[in-house]
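Engineer: Here is my input, please return the structure:
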Amino acid sequence: MTIAARTSEPAPPPAVVSLHQQQALRRPARVGSIVELVGNTPLVRLGRIDRRTPGVEIWAKCEFANPGGSVKDRAAYRIIADALARGDLRPGIRLIDSTSGNTGIAYSMVGAALGIPITLVMPSNVSNPRKQVTAAFGTELRFSDPMEGSDGAIVEARAIVDADPRRWYYPNQYANDSNWRAHYDGTAREILAQTDGRITHFVTGIGTSGTIMGTSRRLHEHDPGIRCIGLQPDDAMHGLEGLKHIPSSLVPPIYDESVLDDTIWLPTDEGWDMSDRLASDEGLFVGHSSGANVAGALRVAKELHGRGESGLVVTVLCDRGDRYFAPLQWEKHYVW
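Structural biologist: Numbers count the residues shown, from 1 in each chain. Next up, the predicted model:
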């Protein structure tokens, strides 16, 4: 995809809505369980990021607003709910799956809320906050070779299940249709409602591929003219945690390239730089996969603007940036 030169004057900053106005527009939710707060996340205009592409808007789905803090809450809740409905999860059975972090936190939160015991296999080099948060929910953690990444965690999880299959329910998020259906039934429908059907492009990164597969299928059914674009790191040895470089990885069975209209190949630095820019320009402190998603959306916006076209580009803010920091050790006892 080509990038058009910046020639237009910056647009004025978005209007500020007063706190009183915001409170008057919303009714606080009241739910019986935290899992009922999964989904229905806000959509935010990136008015300072898209100021040099007038006529092309960039909006981002705030998936960090899910109760577990990431987009993976949707898939984890749907996977567990469907497994319970089928009877795959029952007394004496533990759920085990591989994860690079966010899905593990989501599994842990949902498992704790619903009384489902969880075991996770993750590369030993995932960030300390992810290890600590999952453990705080009471999850059992097992670690795989850090040099083998998420693929190594998949292999390790399979080996554990094969050794004692009666003990485990292995949903395999990479091959589980509940993963993409969570976005088909949720994310896509929300985006259509939030944009009043004006969305022209959807851009997001490929990890398990559930978000891009489910959302794209629903958007294409609504309007085949909506362009759905997957984003991948441009190198196998990348630094965009949670995203897959498909040519060098185990391809998720739920991934179907024919669903996509295009692919953006993004260098790590571009995603990291955009994460910094989102914090300083938009007040959004998000992770590097979110930065990569917005960088990809901006590429699309620049290309449309360069051709003199209008558009509304939607992307995903997957999680918060503090998930990548090493916090103070959680302590049970304090001295005051």
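Engineer: quick one, domains of this protein?
Structural biologist: Using automatic domain parsing, the domains assigned to the chain come out as 19-69+177-324, 72-169.
Engineer: and those as JSON lines, adding mean neighbour count?
Structural biologist: All C-beta atoms are positioned from the backbone trio N, CA, C, and that covers glycine. Below are these laid out as JSON lines (neighbours: other C-beta atoms under 10 Å):
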{"stretch": "domain 19-69+177-324", "mean neighbour count": "19"}
{"stretch": "domain 72-169", "mean neighbour count": "19"}
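Engineer: could those go into a markdown table alongside mean pLDDT?
Structural biologist: Formatted as a markdown table, the domains of the chain follow (pLDDT from 0 to 100):
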| stretch | mean pLDDT |
| --- | --- |
| domain 19-69+177-324 | 95 |
| domain 72-169 | 92 |
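Engineer: May I ask which helix or strand encompasses residue 214?
Structural biologist: helix 210-222 (DSSP states H and E).
Engineer: Name the next helix or strand following the host helix or strand of residue 301 along the chain.
Structural biologist: If you go by DSSP H and E, residue 301 is part of helix 288-306. Next in sequence after helix 288-306, counting helices and strands by DSSP H and E, comes strand 311-317.
Engineer: That next one vs helix 288-306, what angle?
Structural biologist: 170 degrees (axes from the mean of the first three to the mean of the last three C-alpha atoms, to 10 degrees).
Engineer: what angle do the helix holding residue 214 and strand 311-317 make?
Structural biologist: In terms of direction (the same axes, to 10 degrees), helix 210-222 departs from strand 311-317 by 150 degrees.
Engineer: So what are the sheet partners of the helix or strand just after helix 210-222 and their directions?
Structural biologist: Next in sequence after helix 210-222, counting helices and strands by DSSP H and E, comes strand 227-233. Strand 227-233 has its sheet partners listed here by DSSP bridges as strand 201-205 (parallel), strand 262-266 (parallel).
Engineer: what about the first one, distance to the chain center?
Structural biologist: Right, strand 201-205. Put simply, strand 201-205 sits 11 Å off its chain's centre (C-alpha atoms, centre = their mean, to the nearest Å).
Engineer: Stretch 165-176 too?
Structural biologist: That offset, for stretch 165-176, works out to 21 Å (C-alpha atoms, centre = their mean).
Engineer: cool, stretch 221-231 as well?
Structural biologist: The mean C-alpha position of stretch 221-231 is separated from the chain mean by 18 Å, C-alpha atoms, centre = their mean.
Engineer: With just CA atoms, put that stretch into PDB.
Structural biologist: Extracted as PDB, the C-alpha positions of stretch 221-231 are listed here (Å, rounded to 0.1, in the frame of the first residue of the first chain):
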ATOM      1  CA  GLU A 221     -22.400  -9.800   5.000                       C
ATOM      2  CA  HIS A 222     -23.700  -6.300   5.900                       C
ATOM      3  CA  ASP A 223     -21.900  -4.600   2.900                       C
ATOM      4  CA  PRO A 224     -19.500  -6.500   0.600                       C
ATOM      5  CA  GLY A 225     -17.900  -3.100  -0.200                       C
ATOM      6  CA  ILE A 226     -16.400  -2.700   3.300                       C
ATOM      7  CA  ARG A 227     -12.700  -3.400   3.000                       C
ATOM      8  CA  CYS A 228     -11.300  -5.700   5.700                       C
ATOM      9  CA  ILE A 229      -7.600  -5.600   6.000                       C
ATOM     10  CA  GLY A 230      -5.400  -7.900   8.200                       C
ATOM     11  CA  LEU A 231      -2.100  -6.700   9.600                       C
END
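Engineer: residue contacts, the residue lying closest to residue 210 once chain neighbours are set aside?
Structural biologist: Spatial nearest neighbour of residue 210, excluding adjacent residues (C-beta to C-beta, 6 or more residues apart in numbering): residue 179 at 3.6 Å. Contact analysis of residue 179 by C-beta atoms under 8 Å, 6 or more residues apart in numbering lists 75, 78, 79, 173, 208, 210, 214, 254.
Engineer: just residue 320 next, same as before
Structural biologist: Contacts here follow C-beta under 8 Å, 6+ apart; on that basis residue 320 touches 64, 69, 70, 285, 286, 287.
Engineer: The last one contacts residue 316, correct?
Structural biologist: No - Residue 287 lies out of contact with residue 316 (C-beta atoms under 8 Å); the separation is 11.1 Å.
Engineer: and residue 192, how far is that from residue 103?
Structural biologist: 25 Å (C-beta to C-beta, to the nearest Å).
Engineer: Contacts for the helix or strand where residue 103 lies, please.
Structural biologist: Here residue 103 is covered by helix 102-114, with elements defined by DSSP H and E. If you take C-beta under 8 Å, 6+ apart as the criterion, helix 102-114 is touched by 33-35, 38, 66-73, 75-77, 80, 84, 95, 97, 99, 116-118, 120, 122, 130, 133-134, 137-139, 173, 208, 242, 318-319, 323.
Engineer: Same check on stretch 37-48?
Structural biologist: When contacts are defined by C-beta under 8 Å, 6+ apart, stretch 37-48 is touched by residues 11, 13-14, 29, 31, 57-63, 65-68, 73-74, 77, 110, 186-187, 190-191, 194-195, 278, 281-282, 284, 294, 297, 314, 317.
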